[in-house]
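Q: Generate a structure from the sequence data that follows.
(one chain, ligands or ions: 2)
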Amino acid sequence: MDDNRVYVFDTTLRDGEQVPGCQLNTIEKIEVAKALELLGVDVIEAGFPISSPGDFQSVVEISKAVTWPTICALTRAVEKDIDVAAEALKYAKRGRIHTGIGTSPYHIKYKLNSNQDEIVERAVAAVKYAKKYVEDVEFYAEDAGRTDNVYLARVIEAVIKAGATVVNIPDTTGYCLPNEFGEKIRFLKENVKGIDKAVISTHCHNDLGMATANSVSGIMNGARQVEVTLNGIGERAGNTSLEEVVMTLRSHKELELFTNINTKNIYKTSRLVSSLMNMPVQPNKAIVGRNAFAHSSGIHQDGVLKNRENYEIIDPAEVGINESSILLTARSGRAALKHRLEILGFKLDKAKLDEVYEDFLKLADKKKQIKDDDLLVLLGELGKGDRR
Ligand code: KIV
Ligand code: ZN
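A: Ligands and ions are numbered 1, 2, ... in the order given. Here you go, the predicted structure:
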């Protein structure tokens, strides 16, 4: 295993699909799974088979349709769940069972009405039971974000001894601060016997808007799998977004960490998920939002036209977006207007450009954005366009 490789575990079809109104049918899920395969994710969490016959069937069909990534099915630490997950995974070339239980004081007391010792026993029993079916067993310590590190280390050590190949440390409620989450991962790295036999995974939620920061902090402290969704969709405020983590690692070369993601497919996969799930992407969403590579103020437009890197840290082509967009608004300068007119085939000398710019500003003060048609009208009225 390459120590610098970060495995991408995509849970768009499981945690992402839990969002109300975003449910997909089996055919749609297969389409997304195939797109995820082309994107280069390492693991596709295809569903929670015990939850419904439809989810069971989707895991079966995705296992048949996809060749390269590992197909993962979620369970609780319950034998029946594990039996059903194993059955759903029977066609997977590489199948993984993802089992687990809550470990925080809240979950132990109020959700499970149990105690710490009993939770360790149930966790170990679930991992051993899943091992009867598959070699690759991932264990999740639900609400690890609010679990005391010493107790968490005890649980993780026990499940690794029982055969867990991946240990997932979810910040289920999106509560942690980036340094706190990073320290949690480091604590496990340094204090769990046998930790090198398993891959540590992060699974962060975005309730405080820190899912990406927490995931990256986890990776910087030793996690080598990151659980993500396209566009960051998921329960409540969502999960860590795939595109943000992947492009953070790619942009920060000094971290010397890499994923297998074919970044040129990011944008089209994001669009596919958004349209099938009927879940619009916010315009200012990092990497895939409509405005992520759009420049509207005069100073920025002039800077980008001189050299893209003045205001862009990522070349849009790297994520499959053709080019940065220069939006024409009342905040635009002459450089942007000249650039757009040249694309439309009009080359104006300085005096003419100044004249057209005056009229452009008057119009732009009345409209939110000036489109190509508006420019043509402006030039037509003025009769000043010299087509090249
Ligand atoms: O957020 C969470 O804790 C989960 C687990 C089931 C992995 O989604
Ligand atoms: Zn989750």
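Q: Enumerate the residues of the chain near ligand 1.
A: For the chain, the residues in contact with ligand 1 under the definition C-beta under 6 Å from any ligand atom are Asp15, Tyr140, Glu142, Asn168, Pro170, Thr172, His203, His205. C-betas here are computed from N, CA, C, even on glycine.
Q: Where does the second one fall, secondary structure wise?
A: Counting by DSSP states H and E, the element that carries Tyr140 is strand 136-142.
Q: got a list of contacts for the helix or strand bottoming out on mean pLDDT in the chain?
A: Comparing helices and strands within the chain by mean pLDDT, DSSP states H and E singles out helix 372-382 as the least confident, with a mean of 82. Judged by C-beta atoms under 8 Å, 6 or more residues apart in numbering, the contacts made with helix 372-382 from elsewhere in the structure are Leu328, Arg340, Leu341, Leu344, Phe346, Glu355, Val356, Asp359, Phe360, Leu363, Lys367, Gly385.
Q: Show the pLDDT at the fifth one.
A: Reported pLDDT at Phe346 in the predicted model: 92.
Q: Skipping its backbone neighbours, what lies nearest Arg14 in space?
A: Glu45 (4.2 Å; C-beta to C-beta, 6 or more residues apart in numbering).
Q: show me what contacts that neighbour?
A: Applying C-beta under 8 Å, 6+ apart, one finds that Glu45 lies in contact with Phe9, Asp10, Thr11, Leu13, Arg14, Asp15, Cys72, Ala73, Leu74, His98, Glu227.
Q: how about stretch 69-89: buried residues?
A: Under the neighbour-count criterion of 16 or more other C-beta atoms under 10 Å, stretch 69-89 has 69-78, 81-86, 88-89 buried.
Q: In strands, which of the residues you listed appear?
A: Secondary structure of those is defined by DSSP state E; positions in strands are Thr70, Ile71, Cys72, Ala73, Leu74.
Q: Closest to ligand 1 out of those residues?
A: The shortest distance between ligand 1 and any of these, using C-beta to the nearest ligand atom, involves Leu74 and amounts to 6.0 Å.
Q: Hmm, the closest one is touching Arg14, no?
A: Yes - taking C-beta atoms under 8 Å as the contact criterion, Leu74 and Arg14 are neighbours in contact, 5.7 Å apart.
Q: what do these two both touch?
A: For the pair Leu74 and Arg14, residues contacting each of them under the criterion C-beta under 8 Å, 6+ apart are Glu45, Gly47, Phe48.
Q: Doesn't the residue nearest to Arg14 belong to a helix?
A: No - assigned with DSSP: H, G, I helix; E, B strand; the rest coil, Glu45 falls outside any helix and is strand.
Q: just the contacts of Glu45 now: which is nearest ligand 1?
A: Ranked by distance to ligand 1 (C-beta to the nearest ligand atom), the contacts of Glu45 are led by Asp15 at 4.8 Å.
Q: List the residues that contact the closest one.
A: Glu45, Glu227, Thr229, Gly234, Glu235, Asn239.
Q: give me that answer again for 6 Å
A: Gly234, Asn239 (C-beta atoms under 6 Å, 6 or more residues apart in numbering).
Q: just to revisit the earlier point, please indicate which of the contacts of helix 372-382 are buried?
A: Leu328, Arg340, Leu341, Phe346, Val356, Phe360, Gly385.
Q: so where's the chain shaky on pLDDT?
A: In the predicted model of the chain, residues 381-388 satisfy pLDDT under 70.
Q: hmm, try it at 50
A: Along the chain, the parts satisfying pLDDT under 50 run over 381-382, 384-388.
Q: ok, back up a step: so in terms of bridging, what pairs with the residue nearest to Arg14?
A: Under the criterion DSSP bridges, Glu45 forms beta bridges with Cys72.
Q: returning to that earlier point: for the contacts of helix 372-382, which one is nearest ligand 1?
A: Leu328 (43.4 Å).
Q: Now for the residue nearest to the closest one when sequence neighbours are not counted, how many residues are close by?
A: Excluding its sequence neighbours, the residue lying closest to Leu328 (C-beta to C-beta, 6+ apart) is Ile370, at 4.1 Å. The number of residues packed around Ile370, counting by other C-beta atoms under 10 Å, is 22.
Q: please renumber so the chain begins at 18
A: Understood, numbering begins at 18; the last thing we discussed is Ile387.
Q: Ile387 contacts Ala381, correct?
A: Yes - between Ile387 and Ala381 there is a contact at 5.4 Å, judged by C-beta atoms under 6 Å.
Q: mind listing the helices for the stretch 118-267 of the chain?
A: Here the stretch 118-267 of the chain has its helices, by DSSP state H, counting those that start in this stretch, at 122-123, 133-148, 166-178, 195-208, 228-237, 259-268.
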